[in-house]
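Peer 1: requesting a structural model of the entry that follows:
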Amino acid sequence: MEIKPFGVEMWMDEFETKCRFNLAETCVESITLGELFEFAGISEQIMDDLSDIKMTYGAIRGSDRLREAVASLYERQTPETILTTHGTIGANSLVHQTLVSRGDHVISVIPTYQQHYSIPESIGADVELLHLKPENRFLPDLEELHAMVRPETKLIAINNPNNPTGSLMDRDVLEAIVKIARRVGAWLLCDEVYRGTDQSGSGYTAAVADIYEKGISTAGMSKAFSLAGLRVGWIAGPKEMLQQVMVHRDYNTISVGKLDELLSAIALENSDKILERAHMITRKNLRILSDWMDGEPLLSWVPPESGTTALIKYDLPIDSRKFCISLLEEEGVMLTPGSVMDMEGWFRLGYANPTEDLKVGLTKLSAFLERRRQSA
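Peer 2: Numbering: from 1, shown residues only. Got it, this is the predicted structure:
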């Protein structure tokens, strides 16, 4: 099987350890295990609990405790409609491998996480891309989507909140997309790994698995819950679909690690405290980023409504990879070039790092932009 190189992941692998200020990061600032135990109020007893765990395989479908905790994040899900995976990346991969066959018609939005178009392409599917445009606030054009859907469309893949733009489809938009998918009986996969980070209210918008009988929601512990090191994700969706996924999952997963699942369950059982922290960081930092953007004449954007990243357009005669490498070499600041997301002329900036790191990184980025402006 041939597949395109994964642009974002290759960029991160090449440069993530070579920067001083990582504004390419997409997770809300990671928490320590000690902080997790403090949130849960179990600092005194946790080592005794861990010492009693026998390190054999975990429950094949995921522990009952974790699946119960995951189900609580949704309106209509139960432990029986949840399947654990190795990260959201594993969840997305399994869904595509299970549902998509050679020749199937698949629609994916772009920009998005590259899995959602490159994996179907590698399988031999007929992939059409629905381009999200800044003039429409990076929301899908529903008329365009309606025109793209065919009677044989197998799968529509969306991403909400969107990576890299931070755009957010509310329940009305999601239900409109569901109506389009239902018309032809297409599956609707929504990568919801940033769900919980909305800039207002509880931080949560509707989940596709809750509003469509063929809706599939994927998510995990990495972004809003600040625990990427656990490598735990999940699929929420119809039981019959999960049974099909299990056939593929048996070949590459067996089970998720017992310690990872236990720690994930503890975190989700205390999600109110973890998300309160996440909202404090993302909402404060986005205000800082927004104020900074107001003073940068070479930059433009659609302000994010959710997530941890912004997609920013720059007005300079230089390709995005060279732009980002030059910035890294001159100022030690790491961004993600738009070219690795098929969005040349843009860069992705993560704003969920420690606030002081963000402030210093933006100051250094301003100095870099001013030098380029003066030499233009």
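Peer 1: mind checking pLDDT for the nearest residue to Pro134 once chain neighbours are set aside?
Peer 2: Across the structure, with CB to CB, 6 or more residues apart in numbering as the measure, the residue nearest Pro134 apart from its sequence neighbours is Val302 (5.1 Å). The C-beta positions use only the backbone N, C-alpha and C, and glycine is treated the same way. For Val302, the pLDDT comes out at 98.
Peer 1: pLDDT-wise, which helix or strand of this protein ranks last?
Peer 2: In the chain, no helix or strand scores lower on mean pLDDT, DSSP states H and E than helix 46-51, which sits at a mean of 92.
Peer 1: what residues does that one touch?
Peer 2: By CB atoms under 8 Å, 6 or more residues apart in numbering, the surrounding residues in contact with helix 46-51 are 37, 42, 259, 262.
Peer 1: okay, and the third one sits in which element?
Peer 2: Looking back up the chat, that one is Leu259. helix 258-269 (DSSP states H and E).
Peer 1: so which elements touch that helix?
Peer 2: Packed against helix 258-269 by the contact rule (3 or more CB pairs under 8 Å, 6 or more residues apart in numbering; DSSP states H and E) you find helix 33-40, helix 64-71, strand 232-236.
Peer 1: now the very next helix or strand once past that helix: buried residues?
Peer 2: Next helix or strand after helix 258-269 toward the C-terminus (DSSP H and E): helix 271-294. For helix 271-294, the neighbour count (16 or more other CB atoms under 10 Å) marks 271, 273-275, 277-279, 281-282, 285-286, 289, 292-293 as buried.
Peer 1: starting at the chain centroid, how far to helix 271-294?
Peer 2: Distance of helix 271-294 from the chain centroid (CA atoms, centre = their mean, to the nearest Å) equals 17 Å.
Peer 1: that one to helix 33-40, inter-axis angle?
Peer 2: In terms of direction (axes from the mean of the first three to the mean of the last three CA atoms, to 10 degrees), helix 271-294 departs from helix 33-40 by 120 degrees.
Peer 1: CA-only coordinates of helix 271-294 in PDB, if you can.
Peer 2: Extracted C-alpha coordinates of helix 271-294, given in PDB (Å, rounded to 0.1, in the frame of the first residue of the first chain):
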ATOM      1  CA  SER A 271     -12.900  16.300  33.600                       C
ATOM      2  CA  ASP A 272     -14.600  19.400  35.100                       C
ATOM      3  CA  LYS A 273     -11.400  20.400  36.800                       C
ATOM      4  CA  ILE A 274      -9.100  19.600  33.800                       C
ATOM      5  CA  LEU A 275     -11.400  21.500  31.400                       C
ATOM      6  CA  GLU A 276     -11.600  24.500  33.700                       C
ATOM      7  CA  ARG A 277      -7.900  24.700  33.500                       C
ATOM      8  CA  ALA A 278      -8.000  24.200  29.700                       C
ATOM      9  CA  HIS A 279     -10.500  27.000  29.300                       C
ATOM     10  CA  MET A 280      -8.500  29.300  31.500                       C
ATOM     11  CA  ILE A 281      -5.400  28.700  29.300                       C
ATOM     12  CA  THR A 282      -7.000  28.800  25.800                       C
ATOM     13  CA  ARG A 283      -9.300  31.700  26.400                       C
ATOM     14  CA  LYS A 284      -6.700  33.900  28.000                       C
ATOM     15  CA  ASN A 285      -4.100  33.000  25.400                       C
ATOM     16  CA  LEU A 286      -6.400  33.600  22.500                       C
ATOM     17  CA  ARG A 287      -7.100  37.100  23.800                       C
ATOM     18  CA  ILE A 288      -3.400  37.700  23.800                       C
ATOM     19  CA  LEU A 289      -3.000  36.400  20.300                       C
ATOM     20  CA  SER A 290      -5.900  38.400  19.000                       C
ATOM     21  CA  ASP A 291      -4.500  41.600  20.500                       C
ATOM     22  CA  TRP A 292      -1.100  40.800  18.900                       C
ATOM     23  CA  MET A 293      -2.700  40.100  15.500                       C
ATOM     24  CA  ASP A 294      -4.200  43.600  15.600                       C
END
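Peer 1: and the contacts of that helix?
Peer 2: Helix 271-294 has contacts (CB under 8 Å, 6+ apart) with 28-29, 31, 36, 39, 73, 196-197, 199, 203, 224-226, 267, 299, 301, 303-304, 308, 310, 312, 349, 351-353, 355, 358-359, 362, 366.
Peer 1: ok, and for stretch 187-199, which residues are buried?
Peer 2: 187-199.
Peer 1: wait, Thr308 sits on Ser30?
Peer 2: No: using CB atoms under 8 Å, Thr308 makes no contact with Ser30, being 11.9 Å away.
Peer 1: now render the buried residues of stretch 187-199 as CSV, adding pLDDT, secondary structure and distance to Asp172.
Peer 2: Listed next are these as CSV, based on pLDDT from 0 to 100; DSSP: H, G, I helix; E, B strand; the rest coil; distance: CB to CB, whole Å:
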residue, pLDDT, secondary structure, distance to Asp172
Trp187, 99, strand, 21
Leu188, 99, strand, 15
Leu189, 99, strand, 20
Cys190, 99, strand, 15
Asp191, 98, strand, 20
Glu192, 98, coil, 17
Val193, 98, coil, 22
Tyr194, 98, coil, 19
Arg195, 98, coil, 17
Gly196, 98, coil, 20
Thr197, 98, coil, 20
Asp198, 98, coil, 15
Gln199, 98, coil, 18
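Peer 1: what's the most distant pair in the contacts of helix 46-51?
Peer 2: Maximum pairwise distance in the contacts of helix 46-51, criterion CB to CB, is 14.3 Å, between Ile42 and Leu259.
Peer 1: separation between Ala228 and Gln374?
Peer 2: Separation of Ala228 from Gln374 (CB to CB, to the nearest Å): 39 Å.
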